[in-house]
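**Student:** Predicted structure and sequence below. I'll ask about it afterward.
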Amino acid sequence: MPSELTVAIEEAYRVFGAYRLGHHLIVCHCRCCMTEEEERQLVNTPLRSIPADLLAEYTNSAHDDDDDQVARELRCFLPRYFELIAAHDYPDHIGLDICLRRLGQADYRNKWPRAEVESIDRFFDAFLKHSLTRLDLEPVGYRLAFNIRSVVTLAVTAGGDIDRLLHSWAGAEDPAAAIHMAALREYVIEERDKAYLHSACLESHEEAAKTVGEWLLQPNLTARIEAAFFGVGDPRLQVILSNGMRTA
């Protein structure tokens, strides 16, 4: 049976499958951006075969924004973005956090067909749930090797529905969901009138950062973290859960 994440990616290939590229892309060719040879390679490589480093050049170089050719090009590439992200082969030189920032700039929630918006939402739901299963630890210390903050930041900077994403997380199974809640609490900053998720990539997304920070500090999540502490046998995971309870 295919996983929920695989289903979401294949659905994206179907939903966005009508979009095609022309002979040229609307991209920057300055010394810091895509070369004309890279553009040629990108246009002529089958979509499912585009490597992450080549698509990263598009991410870095497609500065323009419109509802015509630029939007069509982005939608054409979007299923491949999803596929590479799911494989943890991120199409951005910076990493996962902002590799879908072009999507966030497109105002797609208000401009694109409902089926396309729903396909994007389902990918974020599935990718979050997949990421919550990653409980591998750093070789030394008491940290998860995969930081779920990158997934949350990805969704926010891509213009995702953060309330929906958090609802999906709340419905995920413990102890894994609670372990990641505890780990992410380390990045919550509390001030006099607010709590927010700290990330350099979220400085221009204050409301979303606040939504995530306040959600993470809810008493019911503290109770879940505490229950998970007694439900896991790995002492290193117990340390992460214990630290999460102290930061509440």
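**Tutor:** The structure has been received and is ready for your questions. Numbers count the residues shown, from 1 in each chain.

**Student:** Off-centre distance for stretch 83-100?
**Tutor:** 8 Å (Cα atoms, centre = their mean, to the nearest Å).

**Student:** likewise stretch 164-172?
**Tutor:** Using Cα atoms, centre = their mean, the offset of stretch 164-172 from its chain centre is 14 Å.

**Student:** What residues sit buried inside that stretch?
**Tutor:** For stretch 164-172, the neighbour count (16 or more other Cβ atoms under 10 Å) marks 165-166, 168-169, 172 as buried. In short, each C-beta sits where N, CA and C put it, glycine included.

**Student:** closest to residue 219 among the residues you listed?
**Tutor:** residue 166 (15.5 Å; Cβ to Cβ).

**Student:** quick one: that closest one and residue 212 touch, right?
**Tutor:** Yes - the pair residue 166 and residue 212 qualifies as a contact (Cβ atoms under 8 Å) at a distance of 6.9 Å.

**Student:** Other residues contacting stretch 56-73?
**Tutor:** 19-22, 25-29, 32-34, 38, 42, 74, 77, 90-93, 99, 101-102, 105-106, 111-112 (Cβ atoms under 8 Å, 6 or more residues apart in numbering).

**Student:** From those, which land in strands?
**Tutor:** Of the contacts of stretch 56-73, none are assigned to strands by DSSP state E.

**Student:** Now, of the residues you listed, which are buried?
**Tutor:** Those of the contacts of stretch 56-73 that meet the buried threshold are 19, 25-27, 33-34, 38, 42, 74, 77, 90-92, 99, 101-102, 105-106, 112, by 16+ other Cβ under 10 Å.

**Student:** what stretches of the protein score poorly on pLDDT?
**Tutor:** Scanning the chain for pLDDT under 70 picks out the ranges 1-2, 248.
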